[in-house]
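Trainee: give the three-dimensional model of this entry:
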Amino acid sequence: MTAFSTKTFAIVAALGACTGPALAQTGATPWELKPDMGYAYDRDGKTYSYKMGTSNAGELLKGAKKVPKGTLFFIGQNGQLYMRSGPYLEGDGKFKFGPDQ
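Mentor: Sure, this is the predicted structure:
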């Protein structure tokens with residue numbers, strides 16, 4: 001692994017866990033995350049993808065946490081990555097925080 005922490009990597013690598021509920025929204029775009037890739041959000045707010053191997057998978061999982069289903073990830077106005085657990089879809093499947101109509 002390179003110059004990012006395992007904890008940061010684990011958080012970002014788990015982002016794909018929230019794609020299922022998001023598909024209920026019309027116009028939602030599924031993420032194209034792959035099991036052999038790692039995705040990172042570095043300390044400068046840049047994103048990267050890395051081809052992963054299996055020789056040190058145990059080390060990668062140390063300290064990693066599963067992302068709960070129903071988690072929304074977003075970038076705030078300050079450029080910081082945030083996550084929010086809890087409802088983000090209306091009862092009709094529309095995105096609760098979408099553009100005003």
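
Trainee: quick one: end-to-end length of stretch 68-84, please.
Mentor: Stretch 68-84 stretches 10 Å from its first residue to its last (C-alpha to C-alpha, to the nearest Å).

Trainee: what pLDDT, on average, does that stretch get?
Mentor: For stretch 68-84, the mean pLDDT works out to 87.

Trainee: can you pull out the strands in this structure?
Mentor: Using DSSP state E, the strands of the chain run over residues 37-41, 47-51, 71-75, 81-85.

Trainee: okay if I get those as CSV plus distance to Lys62 and mean neighbour count?
Mentor: To be clear about C-beta, it is placed using only N, CA and C from the backbone, and glycine gets the same treatment. Shown next, in CSV, are these (distance: least, C-beta to C-beta, whole Å; neighbours: other C-beta atoms under 10 Å):
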stretch, distance to Lys62, mean neighbour count
strand 37-41, 15, 18
strand 47-51, 18, 12
strand 71-75, 22, 15
strand 81-85, 21, 13
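
Trainee: so which of these is nearest Phe95?
Mentor: When those are compared for distance to Phe95 using C-beta to C-beta, the nearest one is strand 71-75, at 9.2 Å.
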